[in-house]
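J.: Predicted model and sequence below, questions to follow.
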Amino acid sequence: MKALVCSLSLLVASTGFPAGIISQWNFNSSPPDSSTSTGILTPSVGDGTVSFLNGITTSFSTGGTNDPASSTDDSAISTTHYPPLTTSNKTAGVQFNLSTVGYSNIVIRWDQRTTSTASRYFRLQYSTNGNDFEDYSAACVSQLDSVYEAQTNSLAAIAAVNNNPNFAFRIVAEWESTALNSASNVYVTLGGSYLPNSATVRFDYVTIIGTPLPGSDTPPYIDAIGDQTIRVTQSTGPIDFTVLDAEDAASNLVLNATSSDPAVIPPANITLGGHGSARTVNVTAASQPGSSLIRLWVIDSGGKSNSAPFTVAVLPANTAPVISAIPATNTLMNTAISPLAFTIGDAETSASSLALSAVSRNPTLVPNANVVFGGSGSNRTVSVTPASGRVGVAPVTVAVSDGTNTASWTFGVMVSPSSSVLVYEPFDYDDGSVVTNSGFFWNNHTGTFGECQIVNDQLQITTSQTEDIAVSLPGGPYARNLGTVLYTCFKANFQALPKNTPDYFAAFVSGSSQIARVYASSATNAPPGTFRLAIANASSTNTPYLDDLNTNTSYTIVTRYNLDTATSTMWLNPASENDPGVAASDPLTPASVSSFLFRQGSGLGAAILVDDLKIGLSFASVTSSNSAPPPPIPLNLQRLGNNVMLTWTNPAFTLQSAPTINSSFTNIPAASSPYTTPITGIARFFRLQAN
């Protein structure tokens with residue numbers, strides 16, 4: 001690529017009047033269509049025509065950077081099919097016709113891009129009658145291959161082009177011999193062979209400038225206004241622009257406006273304001289998306305006018321982005337959660353441009369900085385790391401924004417103290433729906449969504465609402481014949497006496513059934529103002545406590561459900577599992593367990609405040625105040641000749657056996673540690689079961 005210096009000149013005589021644009025061609029589409037392969041041939045400023053000479057063909061292509069629209073919709077006119085190598089000198093190119101009435105000191109500038117196989121020499125020619133053309137004094141020489149170069153030529157010394165209604169000029173390809181007054185009578189290129197049928201020359205931002213003549217009625221001046229983008233029913237707000245005139249005071253200039261599409265921009269929605277030379281325009285869109293070309297006209301007292309066109313693109317109403325559900329999740333203390341996948345999108349904004357943010361409702365457990373996003377486009381992930389040594393539930397709200405509107409989803413993050421604690425729930429949420437405020441850690445089981453409430457960091461169970469809520473057990477559903485025993489522990493404070501007829505308010509969920517139900521009722525044969533609790537495997541046939549309980553008193557309720565035997569036990573304020581409790585007496589077929597629920601309804605007759613729920617795999621895991629898991633109970637095996645000896649250390653556990661791992665385990669009568677059995681017969685499996 002060659003780089004030579006092109007000698008250009010710009011002369012505007014000092015006359016006391018500012019130079020102004022007489023006409024300008026930027027070739028950009030109006031309204032803009034974001035495509036440089038389309039455009040228009042009408043002037044963007046002023047009046048005039050453009051034509052093409054000697055059979056050259058044209059199309060639209062990318063324009064130069066001098067055009068203010070270069071970042072949006074900058075087009076240029078691209079020409080090709082110039083004459084053969086040695087014919088038709090200075091006859092092929094582009095021609096512009098316009099009036100210079102009221103102006104002197106005419107200057108012509110344009111941007112030109114020449115490919116390496118096109119003629120590097122072009123000549124500006126001018127005409128005072130629109131038909132006969134004379135050469136400008138110097139040829140225009142392209143210095144760079146396929147790069148836009150500014151060409152500027154002053155006609156200020158040529159009086160005949162001033163104040164001329166028939167002014168015209170051409171830009172035509174020239175042989176080297178006439179351009180340099182030497183060399184060959186051929187078209188010479190920047191490099192390579194001359195290819196008139198494929199080489200291209202582009203022209204852009206053709207501008208004719210002049211100085212208004214004293215005493216002449218020149219057209220008024222109006223600023224160019226940039227294209228605007230708004231949404232339906234929105235306004236651009238006041239846009240400042242300037243109007244001037246060489247003869248009239250700016251305050252005497254008249255403005256009006258037109259709209260090319262009244263359905264998109266009604267003319268009545270174009271409001272003109274300001275005074276003197278400082279004017280404003282405010283455009284308000286109707287309710288129909290689209291685009292409209294707005295043209296502002298300024299008219300002087302002599303009827304001369306000028307215009308400033310700009311396009312207003314009207315987008316549909318900005319709808320909020322969308323975000324998919326993020327499921328509630330759980331982890332152990334000091335353990336990060338693997339990335340959770342979710343999707344985002346927006347009707348008007350690309351997914352890659354949407355912004356994500358996160359807020360933890362329990363920053364002590366999950367600091368905001370510990371919520372980290374990944375992924376790209378529509379497919380995103382969120383990773384959560386709990387604070388060291390912390391347990392509980394933290395609702396985390398993930399929000400997606402398009403810059404104007406926001407959508408969000410809240411999901412619960414439970415951090416458990418050990419693998420033996422399946423659910424650790426202190427109910428430390430904002431007042432309101434437990435389902436939504438827990439980030440769907442709790443779910444609606446039956447009844448009206450959102451009724452069950454959190455009040456002062458406690459779960460409120462009432463008689464006037466219908467919503468039952470359930471929490472899924474991590475690792476569930478828990479099946480029978482695996483030696484699983486589930487425990488619950490929670491605090492309950494009755495605000496009033498329950499009804500005489502027992503009704504339950506807490507239970508495990510097995511399919512469509514509720515099991516290990518905790519009942520409450522007023523005691524018919526107890527002191528007035530007291531009530532009792534009871535437990536049933538599956539029905540209201542239950543065993544009441546002998547204790548008479550008082551309202552407005554917090555009691556710790558512990559339950560145990562053995563999946564293999566389908567039996568339920570309950571304690572009140574126990575110190576150990578060996579404390580006296582009550583066992584349900586109604587029969588129940590063993591079944592799997594998936595979740596735990598609290599139940600509302602008029603059958604209970606009393607409001608209850610519930611707090612500090614734990615669900616676990618051992619008595620110690622739900623009653624212990626520390627976070628350490630209970631120590632395992634080892635079952636040791638040692639072969640002694642043809643016998644096997646089994647030993648264990650805790651006499652509170654019973655030895656059981658089964659023929660297969662998935663079959664029912666049964667107690668071995670009178671088995672105690674050490675227990676010896678021969679290695680004969682069928683295979684057997686052994687385990688320890690809590691008494």
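T.: Arrived safely, thanks for sending.

J.: Now A285. Nearest residue, chain neighbours left out?
T.: V314 (4.3 Å; Cβ to Cβ, 6 or more residues apart in numbering). C-betas here are computed from N, CA, C, even on glycine.

J.: which residues touch that neighbour?
T.: V314 is in contact with 230-232, 264-265, 285-286, 288-292, counting by Cβ atoms under 8 Å, 6 or more residues apart in numbering.

J.: Which members of the residues you listed are the farthest-apart pair?
T.: With distances taken as Cβ to Cβ, the most widely separated pair in these is R231 and S292, at 14.0 Å.

J.: These two: which has the busier surroundings?
T.: Per other Cβ atoms under 10 Å, whichever of R231 and S292 has more neighbours is S292, with 26 against 16.

J.: Beyond the strand or helix carrying the more buried one, next helix or strand please.
T.: Element membership of S292 [criterion: DSSP states H and E] is strand 290-299. Downstream of strand 290-299, the first helix or strand assigned by DSSP H and E is strand 305-315.

J.: Show me where this structure has its helices.
T.: 176-180, 434-437, 619-623 (DSSP state H).

J.: The stretch 551-691 of the chain: strands as residue ranges?
T.: 554-562, 567-572, 582-583, 595-598, 608-616, 636-640, 643-647, 653-658, 666-667, 675-678, 685-690 (DSSP state E, counting those that start in this stretch).

J.: returning to that earlier point: pull the distance from the strand holding S292 to the chain's centre.
T.: Centre-to-centre, strand 290-299 and its host chain are 35 Å apart (Cα atoms, centre = their mean, to the nearest Å).

J.: next one: stretch 239-257
T.: Here stretch 239-257 is found 45 Å from its chain centre; the criterion is Cα atoms, centre = their mean.

J.: pretty sure T565 contacts P590?
T.: Yes: at 6.9 Å, T565 counts as touching P590 under the criterion of Cβ atoms under 8 Å.

J.: circling back: output the contacting helices and strands for the strand holding S292.
T.: Here strand 290-299 touches strand 221-222, strand 254-259, strand 278-283, strand 305-315, going by 3 or more Cβ pairs under 8 Å, 6 or more residues apart in numbering; DSSP states H and E.

J.: Relative to it, what are the paired strands and their orientations?
T.: Strand pairing for strand 290-299, using DSSP bridges, gives strand 254-259 (antiparallel), strand 305-315 (antiparallel).

J.: what angle do it and strand 278-283 make?
T.: 150 degrees (axes from the mean of the first three to the mean of the last three Cα atoms, to 10 degrees).

J.: can you list the domains in this protein?
T.: Split into domains by automatic domain parsing, the chain comes to 20-212, 221-315, 322-416, 436-623, 636-690.

J.: Report the helix or strand with the lowest average pLDDT across this structure.
T.: Of all helical and strand segments in the chain, the minimum by mean pLDDT, DSSP states H and E falls on strand 543-544, at a mean of 72.

J.: Centre of the chain to it, how far?
T.: On Cα atoms, centre = their mean, the centre of strand 543-544 falls 56 Å from that of its chain.

J.: who's in contact with it?
T.: 502, 521, 523, 532-536, 582-585.

J.: isn't F531 right next to D503, touching?
T.: No: in this structure F531 lies outside contact range of D503 using Cβ under 8 Å: 11.6 Å.

J.: Are there residues contacting both of these two? Which ones?
T.: 520-521.

J.: Please say which of the two ends up with more neighbours.
T.: The residue with more neighbours, out of F531 and D503, is F531; 24 against 19, by other Cβ under 10 Å.

J.: Number of residues surrounding the residue lying closest to S401 once chain neighbours are set aside?
T.: Among residues not flanking S401 along the chain, A355 sits closest, at 4.8 Å (Cβ to Cβ, 6+ apart). Other residues lying near A355 total 13 when counted by other Cβ under 10 Å.

J.: do the same with the one 4 residues further on
T.: Other residues near V359 number 14, with proximity taken as other Cβ under 10 Å.

J.: who's it bridged to?
T.: T397.

J.: Quick one: distance of stretch 333-345 to the chain centre.
T.: In terms of Cα atoms, centre = their mean, the centre of stretch 333-345 is found 17 Å from the chain centre.

J.: Report pLDDT for S30.
T.: On pLDDT, S30 comes in at 79.

J.: who's in contact with it?
T.: With Cβ under 8 Å, 6+ apart, S30 has these contacts: 40, 44, 293, 309, 311.

J.: Among those, which one lies nearest to S78?
T.: Nearest member of those to S78, counting by Cβ to Cβ, is I40, at 14.3 Å.

J.: count of residues packed around that closest one?
T.: Neighbour count for I40, taken as other Cβ under 10 Å: 14.

J.: which residue packs closest to it, ignoring adjacent ones?
T.: S30 (5.7 Å).

J.: Repeat that for A479.
T.: In space, A479 is closest to S592, 4.7 Å off (Cβ to Cβ, 6+ apart).

J.: Same check on T80?
T.: Going by Cβ to Cβ, 6+ apart, T80 has T200 as its nearest residue, at 4.9 Å.

J.: wait, isn't that neighbour in contact with I77?
T.: No: applying Cβ under 8 Å, one finds T200 not in contact with I77, separated by 10.3 Å.

J.: intersection of neighbour lists for the two?
T.: S61.

J.: hang on, the earlier thing: turn the helices of the chain into TSV, columns for distance to T218 and mean neighbour count.
T.: Putting the helices of the chain into TSV (distance: least, Cβ to Cβ, whole Å; neighbours: other Cβ atoms under 10 Å) gives the following:
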stretch	distance to T218	mean neighbour count
helix 176-180	36	18
helix 434-437	69	22
helix 619-623	93	21
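
J.: of the ones you listed, which approaches I239 most closely?
T.: helix 434-437 (44.5 Å).

J.: counting contacts, what elements does the closest one pack onto?
T.: Looks like helix 434-437 contacts strand 453-455 (3+ Cβ pairs under 8 Å, 6+ apart).
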